[in-house]
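K.L.:
build me a structure from this.
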Amino acid sequence: MDYDRAMADMGMTLDVPWSAADVFVTFAMWVVMMVGMMTASAAPVLLLFARTHAGRGGSRAPLAVFAFGAGYLLVWTAFSAIAAVAQWALHHLAMLSPSMTTSSARLGGAILIAAGIYQLTPFKRACLAHCRSPLGFLMSHWRDGNLGALRMGIAHGTYCLGCCWALMCVLFVVGVMNLVWVAAMAIFVLLEKIGPAGAIVARVAGVAMIVCGALVWSARL
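P.N.:
Numbering: from 1, shown residues only. Below is the predicted model:
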């Protein structure tokens, strides 16, 4: 079912102000989407963490792995809250189309250009490097105990957020929670993080987004 149709079925139509319940439903949808998109790319570090704990003879390895995963998801849950508020704000300002894309070409172009520029920044490269090196991350961020595992999960989630937040914002241009674009974005994130040429893929995508953003901006559709 189309996302805009689903929203309409729940009473969240474009010409009616959202209630607190509507914002919460949107937040829940963002959480589900982020978990679905980011779990695959987080799997290598989570599996390596589990194997390392088992190798160290930890009797509470499953609980520590759960704590690590919870810390990771906590970061993306926080991002989901921000994204839901942003979506509510765009709705309130009548800047979302019926297909849940930005109705302003200027805004859509600006988002694409900003996301593309971010792809080329040293901060993006640094976060991506941490995400691409699970062993390096564990060696430099290891903490003992369940609380330590939670902190490690939060740290890894923060690097992952630093790597991908701008890409997630592009969903406001191509269609918030459009399943085709969500799947495409998830595959792209996976290529960035575990592909043999992930850093190059990230830079090429950045240039492509800048070009597309400029075209969208100039079109003023």
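K.L.:
leaving out chain neighbours, which residue sits closest to residue 87?
P.N.:
Nearest residue to residue 87, sequence neighbours excluded (CB to CB, 6 or more residues apart in numbering): residue 26, at 5.7 Å. All C-beta spots, glycine's among them, are computed from the backbone N, C-alpha and C.
K.L.:
report all helices and strands that the one helix or strand that neighbour maps to contacts.
P.N.:
In the assignment (DSSP states H and E), residue 26 maps to helix 20-55. Helices and strands touching helix 20-55, by 3 or more CB pairs under 8 Å, 6 or more residues apart in numbering; DSSP states H and E, are helix 61-92, helix 134-141, helix 145-169, helix 179-194.
K.L.:
got the angle between it and helix 179-194?
P.N.:
Per axes from the mean of the first three to the mean of the last three CA atoms, to 10 degrees, the angle that helix 20-55 makes with helix 179-194 is 30 degrees.
K.L.:
any idea how far helix 20-55 is from the chain center?
P.N.:
Chain-centre distance of helix 20-55: 10 Å, with CA atoms, centre = their mean, to the nearest Å.
K.L.:
circling back to that earlier point, indicate which one of the helices and strands packed on helix 20-55 is closest to residue 126.
P.N.:
Closest of those to residue 126 is helix 145-169, at 7.8 Å (criterion: CB to CB).
K.L.:
so which elements touch the following helix or strand past that closest one?
P.N.:
Downstream of helix 145-169, the first helix or strand assigned by DSSP H and E is helix 171-174. Secondary-structure packing of helix 171-174 (3+ CB pairs under 8 Å, 6+ apart): helix 61-92, helix 105-119, helix 179-194.
K.L.:
what comes up buried for the last one?
P.N.:
Across helix 179-194, burial judged by 16 or more other CB atoms under 10 Å covers 181, 182, 185, 186, 188, 189, 190, 191, 192, 193.
K.L.:
again with the shortest one
P.N.:
Applying a neighbour-count criterion of 16+ other CB under 10 Å, the buried positions in helix 105-119 are 105, 107-119.
K.L.:
could I get the residues you listed as CSV with pLDDT?
P.N.:
Below are these laid out as CSV (pLDDT from 0 to 100):
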residue, pLDDT
105, 87
107, 91
108, 91
109, 93
110, 94
111, 95
112, 95
113, 96
114, 96
115, 96
116, 96
117, 97
118, 97
119, 96
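K.L.:
so which of the helices and strands packed on helix 20-55 gets nearest residue 30?
P.N.:
It's helix 61-92; of those, that one is closest to residue 30 (CB to CB) at 3.7 Å.
K.L.:
let me know the angle separating the closest one from helix 20-55.
P.N.:
Here helix 61-92 runs at an angle of 150 degrees relative to helix 20-55 (the same axes, to 10 degrees).
K.L.:
residue 33: which of the helices and strands packed on helix 171-174 is closest?
P.N.:
Proximity to residue 33, assessed across the helices and strands packed on helix 171-174 by CB to CB, is greatest for helix 179-194 (6.0 Å).
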